[in-house]
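What would the 3D arrangement of this be:
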Amino acid sequence: MIDYIDKIKQISKQILTDCRVDMVIGFRQGTVPMMNEPCFAKTVDDVDAFVWDSHCGINLANYLTGRKEKIGIIAKGCDTRNIVTHIIENKIDRDRLYIIGVPCRGMVDRRKVNALCDSIYEVTEQGDTVKVTGENLDRQLARADLLQENCTTCVHPNPVIYDELVADEVEVHTDVDRWADVKKIEAMGSDEKWSYFDDLLKECIRCYACRNACPLCYCPTCFVDESKPQWMGKGQDETDVRTFHFLRAYHCAGRCTDCGACARACPVGIDMRVFTRKLEKDCFDLYGWEAGLTLDVRPPLDTYQADDPEEFIK
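Residues are numbered from 1 along each chain as shown. Below is the predicted model of the structure:
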């Protein structure tokens, strides 16, 4: 995807020059390998810092909430789906945005690369391969083997809403079992599930990185920070830890696009997607709903229809 960058810069400079936007939100090189960081370009010269490769996994829709400027934004498929949700939920106006759509071939999971050696010096993308240089390491690896888990099952890699595309749309893979991970957990017995989630959450340090990285978590005061009433404690009590993760997942039900921002941000490597994936599957099974694909239909959990499934009502 590194071949996109010239077109990204060209479009960004043009819309800034024409005063169609006040800024363009993109990525610049991070201070450590595989950690590109958001960049707010307000001048044409600022755009020269832009980069685009397989390490631009942060969901930039997170930076649109409540903004009043005219904004250009570089957006992958999952980013654009979150932008749709932001527009539907009145967090940003469509006419304030110039969306530079980027067909996505998947983001590299830095944890898979870091597992190769103790000290990574450089990671460069070369077509379908990734060159990794580190302490006593110099290897060429297939990109497909290093992708984030959400990217391996993604069926919406192309932007669903945009003003301009930087390249032709990429092929959509239809031969993947999107819900294999969820089905595996669904098939567990009660005790096995309890043990599974205990093991999953035992490393949580309640840093809230998952919440902060999520473009859906934009409440001015999160329920975990409420003091009147105080819904839960601030410590490492197991019940409080579970309550945070379960309730946050339910707040994302019918809205999550499986962008992977939560799992990517977790400093201890917890796969937060486990919670939201189940609810994503339920919305798909019950309502045929996938978040962020259209501006014309509201999510099923904030609408009512007379023929809604009601089997659960006794």
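
Show me the helices in the stretch 151-300 of the chain, by range?
For the stretch 151-300 of the chain, the helices defined by DSSP state H, counting those that start in this stretch occupy 180-186, 190-201, 209-213, 238-251, 261-265, 273-287.

between these, which gets nearest to R67?
helix 209-213 (17.2 Å; Cβ to Cβ). Yep, even glycine has a C-beta here, placed from its N, CA and C like the rest.

Please save the CA atoms from stretch 121-140 in PDB.
In PDB, the C-alpha atoms belonging to stretch 121-140 read as follows (Å, rounded to 0.1, in the frame of the first residue of the first chain):
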ATOM      1  CA  TYR A 121      15.100  -2.000  14.200                       C
ATOM      2  CA  GLU A 122      13.100  -1.500  11.000                       C
ATOM      3  CA  VAL A 123      10.100  -3.000   9.200                       C
ATOM      4  CA  THR A 124       9.600  -2.100   5.600                       C
ATOM      5  CA  GLU A 125       6.800  -3.100   3.200                       C
ATOM      6  CA  GLN A 126       7.800  -4.500  -0.200                       C
ATOM      7  CA  GLY A 127       4.700  -5.500  -2.200                       C
ATOM      8  CA  ASP A 128       3.400  -8.700  -0.700                       C
ATOM      9  CA  THR A 129       6.300  -9.200   1.600                       C
ATOM     10  CA  VAL A 130       7.600  -7.400   4.700                       C
ATOM     11  CA  LYS A 131      11.300  -7.000   5.500                       C
ATOM     12  CA  VAL A 132      12.100  -7.200   9.200                       C
ATOM     13  CA  THR A 133      15.400  -6.100  10.500                       C
ATOM     14  CA  GLY A 134      16.300  -6.500  14.200                       C
ATOM     15  CA  GLU A 135      18.800  -7.800  16.600                       C
ATOM     16  CA  ASN A 136      20.400 -10.900  14.900                       C
ATOM     17  CA  LEU A 137      17.400 -10.800  12.400                       C
ATOM     18  CA  ASP A 138      17.100  -9.900   8.800                       C
ATOM     19  CA  ARG A 139      14.100 -11.700   7.200                       C
ATOM     20  CA  GLN A 140      11.600 -11.400   4.400                       C
END
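
Spatially nearest residue to H245, not counting backbone neighbours?
In space, not counting the residues next to it along the chain, H245 is nearest to F275; the distance is 5.8 Å by Cβ to Cβ, 6 or more residues apart in numbering.

mind checking how far that neighbour is from K281?
The gap separating F275 from K281 is 12 Å, by Cβ to Cβ, to the nearest Å.

These two - which one has more neighbours?
Comparing F275 with K281 by neighbour count (other Cβ atoms under 10 Å), the higher total belongs to F275, at 24 against 16.

Would you check how far apart the more buried one and D175 are?
Shown here: F275 relative to D175, a distance of 26 Å by Cβ to Cβ.

Break the protein into its domains for me.
The record's domain parsing of the chain by automatic domain parsing lists 1-104+151-173, 177-303.

Tell me which of the ones you listed is the most buried.
Highest mean neighbour count among those (mean count of other Cβ atoms under 10 Å): domain 1-104+151-173, with a mean of 18.

what's the least confident helix or strand in this structure, going by average pLDDT?
Lowest on mean pLDDT, DSSP states H and E among the helices and strands of the chain sits strand 120-126, with a mean of 90.

which helices and strands sit right next to that one?
helix 110-114, strand 129-134 (3 or more Cβ pairs under 8 Å, 6 or more residues apart in numbering; DSSP states H and E).

Quickly, which of the domains of the chain bottoms out on average pLDDT?
Taking each of the domains of the chain in turn, the one with the lowest mean pLDDT is domain 177-303, at a mean of 92.

which residues touch the most centrally placed residue in the chain?
Closest residue to the average C-alpha location of the chain: C259 at 2.7 Å, with Cα atoms, centre = their mean. For C259, the residues meeting the contact criterion (Cβ atoms under 8 Å, 6 or more residues apart in numbering) are 59, 78-79, 81-82, 150, 215.
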